[in-house]
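Participant: prediction below, plus the sequence it came from.
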Amino acid sequence: MKKKVKKFKRIKLKRVFTLLVCIFVLVISIRYVISERAQATVKKEVEIFTDEKYPTVEIQTMIKDQTHGGYSVSYPTLQIKKIDQALKAYVNEEIASYQQTIAQKNIPKKTSTELTITYDITHYSEQTVTVLFNKYQFTDGKWGVPSIQTFTFDLPSQKQISLQDIFYKNSDYLNSLSMIAYTELKKNKELAESEILKAKTEPNKDNFSQFSLLEDAIVLYFQPFLGATGYSDTKSIAVKKAVFDSILKDSYKNTKANKNKIKETPPSHIVSELPKPSGIDPNKKVIALTFDDGPSKGPTTLILDALKEYDSHATFFVLGNRVQYYPEIIQRMFEEGNEVGNHSWNHPQLTRLKEEQIQHQIFDTQAIIKKVSGHEPIHIRPPYGAINNDVRQYLGDLSVALWNIDPEDWKSRDKDHIVHSVMSKVSDGKIVLMHDIYSTSAEAAVDIIKQLKAQDYQLVTISELEEVKKLRQESTK
């Protein structure tokens, strides 16, 4: 009897095991079929056409035709492996980001969403190609969000390039672009009344990351911004390459290698010269007052009051460890048209520091100024004027601004001595070094501002002085 029971149990266990194996095989088979169908669906979503303007270019289109989570995305393949990989990676990342946004916001299945990406090849020559993507995404809220993304590639190297790559190093191209962009965009009434215009045209790399190189022009693109009635259109500004003739690398000038493969239609309006600095006459005397080691409450405020009274500007090279205590003074500097520069975090001699210490002194000061003001400096004055290659490698787009008149106000602490020392050496185009942490220096600065104005000097920032010098050079050509 016991033997029969044991035999029955063995038979039962075999049947259970067999059943489990069958279920496992069935699950695997179902998953395989689902996977195959899903892959087939993805394949059906991809369509390939030939670009009408450039026959060697194929248009890849991916479509997911549904109201929730649907998208329509197009991008080109140029038959250049590295470039095609970069463009494909961009659209895939945008699709993934769109799907992630829907999931993270728990957007209901009944809610319509949309992602549309189209492209235009704005220029294609032997030297460069630019692909301009236009994206529109709607997931929730009152308006969908439009944006643009440009990819410009140097074809001989097959590398993506930025504006920084087409200009000679330390050429201060950002200041010129900033002036042009602000002047041109301000002509648009909607933008002229916008509080963000100045911030969006400041001379920093992020503001000029979207661009295209044409045969004879550089086109700058500006992202749509949200206004009271929705998003604005994408704004673009075309600038003649000749404007940058002395600082533009030869590879990207109007040469045979930069001739478009098809007939290029030039923009309807092209900027052909640098605008004059606002309110500044380059034919009249200019001088730049600069103040180091601040900000401080009393002395800095006294100087700012005098600058405002006499419709003048100056540049303040501030210390990062002081910025955090006087954010309202930094904000006032910018609001009244002055410039703020980087003077390190706490005034060490940078050339004596280790690499990580140099990075802290420069990067953290940049970060704290941007945090309290929304603006990032484009000039740095290294403490004691000490600079070497170890320091320069961390400057990026920061230009070094030194001086040529130094009254040594920190040493004498004598107002009259400081005034005499400065006024006996002033001349057109000079840069004066003072400090806005001493009351004697601030009082001297007030007198110096009065006397300079009486002598018909225009008191300008470092950036404005550089632009005046450029305009004077251009006029002598």
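Facilitator: That came through, no problem.
Participant: so the most centrally placed residue in the chain: helix, strand or coil?
Facilitator: By CA atoms, centre = their mean, the chain has its centre lying nearest to Asp206, at 0.3 Å. Classification of Asp206 using DSSP: H, G, I helix; E, B strand; the rest coil returns helix.
Participant: can you pull the contacts of it?
Facilitator: By CB atoms under 8 Å, 6 or more residues apart in numbering, no residues touch Asp206. Where you see a C-beta, it was placed from the backbone N, CA and C, and this is true even at glycine.
Participant: low-confidence stretches in the stretch 151-300 of the chain?
Facilitator: Counting by pLDDT under 70, the stretch 151-300 of the chain has low-confidence residues at 189-190, 192-193, 226-231.
Participant: which stretches of it form strands?
Facilitator: 159-160, 211-213, 217-222, 226-227, 230-231, 235-240, 270-271, 286-292 (DSSP state E, counting those that start in this stretch).
Participant: okay, those strands, which one's buried deepest?
Facilitator: Among the strands of the stretch 151-300 of the chain, strand 286-292 has the highest mean neighbour count (mean count of other CB atoms under 10 Å), at a mean of 25.
Participant: can you show me the CA trace of that strand as PDB?
Facilitator: Taking C-alpha atoms only, strand 286-292 is exported to PDB below (Å, rounded to 0.1, in the frame of the first residue of the first chain):
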ATOM      1  CA  VAL A 286      36.600 107.600 -23.200                       C
ATOM      2  CA  ILE A 287      38.000 106.300 -20.000                       C
ATOM      3  CA  ALA A 288      37.200 103.200 -17.900                       C
ATOM      4  CA  LEU A 289      37.100 103.400 -14.100                       C
ATOM      5  CA  THR A 290      37.400 100.000 -12.400                       C
ATOM      6  CA  PHE A 291      37.100  99.100  -8.800                       C
ATOM      7  CA  ASP A 292      38.500  95.900  -7.200                       C
END
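Participant: run through who's touching it.
Facilitator: Outside strand 286-292, the residues touching it (CB under 8 Å, 6+ apart) are 280, 300, 303, 312, 314-317, 341, 343, 381, 401, 403, 426-436, 441, 445, 448-449, 452, 457-462, 464-465, 468.
Participant: what about the stretch 1-150 of the chain, any weak spots by pLDDT?
Facilitator: In the stretch 1-150 of the chain, residues with pLDDT under 70: 1-44.
Participant: repeat the analysis, applying 50 as the threshold.
Facilitator: Low-confidence segments of the stretch 1-150 of the chain (pLDDT under 50): 1-6, 8-9, 32-44.
Participant: all helices of it, in order?
Facilitator: For the stretch 1-150 of the chain, helices defined by DSSP state H, counting those that start in this stretch occupy the ranges 2-45, 81-104.
Participant: one more: the stretch 251-400 of the chain?
Facilitator: 297-309, 320-323, 327-335, 355-359, 365-373, 389-392.
Participant: looking at those helices, spot the one closest to Ser194.
Facilitator: helix 327-335 (15.7 Å; CB to CB).
Participant: neighbours around Asp456, how many?
Facilitator: By other CB atoms under 10 Å, the residues close to Asp456 number 8.
Participant: from what I see, Tyr326 and Thr301 are in contact.
Facilitator: No - using CB atoms under 8 Å, Tyr326 is not in contact with Thr301, being 9.4 Å away.
Participant: I appreciate the help and will end here.
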